[in-house]
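J.: just to be clear, the model below is a prediction. Sequence and coordinates:
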Amino acid sequence: MQSKVTSIINHMMAKDLFSQWLGIERLEEREGFCKLKMTVRPEMCNGFAIAHGGITYSFADSALAFASNSHGRQAVSIETSISHIKPLYAGDIIIATAFEKNVSIRIGIYEVRIEKENGDLVALFKGTVFRKDKEWDA
């Protein structure tokens, strides 16, 4: 039997066509935590032949969404930011790890680390979410 967390993320992922387009692979998920993997594809790169900043941003945002909704209450981002540290190129495999820093009845604060497979840090993302009254029925 799958966990409540897995059921919620399965439900979210089924309707999340953008995360599907990114090619996200789920590695680990539990309450307040999510670890994802993806490969940077050529069509994700900009005119400098490096990954468009929106790719790492979107990847981190997906990790934030899954981690922040994992408690069973629906959560939506209200403020996010990213620091790009190193460039990424087509073929790079990256890992997003979302950690819950603080959670209250209405607000959750998360940090997402984006790293290459070898552990090199390429981006840091911070996200604040609003936790709705609505529960997931997944």
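T.: Cool, the structure landed. Residues are numbered from 1 along each chain as shown.
J.: regarding this structure, what is its longest helix?
T.: What stands out as the longest helix in the chain, according to DSSP state H, is helix 53-69.
J.: buried stuff in stretch 90-98?
T.: For stretch 90-98, a neighbour-count test (16 or more other C-beta atoms under 10 Å) marks 92, 94-98 as buried. For the C-beta atoms, the positions are set from N, CA and C on the backbone; glycine is no exception.
J.: those in strands, which ones?
T.: 94-98 (DSSP state E).
J.: tabulate these (JSON lines), appending distance to N118.
T.: Below are these laid out as JSON lines (distance: C-beta to C-beta, whole Å):
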{"residue": "I94", "distance to N118": "10"}
{"residue": "I95", "distance to N118": "10"}
{"residue": "A96", "distance to N118": "15"}
{"residue": "T97", "distance to N118": "14"}
{"residue": "A98", "distance to N118": "20"}
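J.: can you list the residues you listed in TSV and add pLDDT and distance to H11?
T.: Conversion of these to TSV gives the following (pLDDT from 0 to 100; distance: C-beta to C-beta, whole Å):
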residue	pLDDT	distance to H11
I94	98	25
I95	98	23
A96	98	20
T97	98	22
A98	98	18
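J.: I appreciate the help and will end here.
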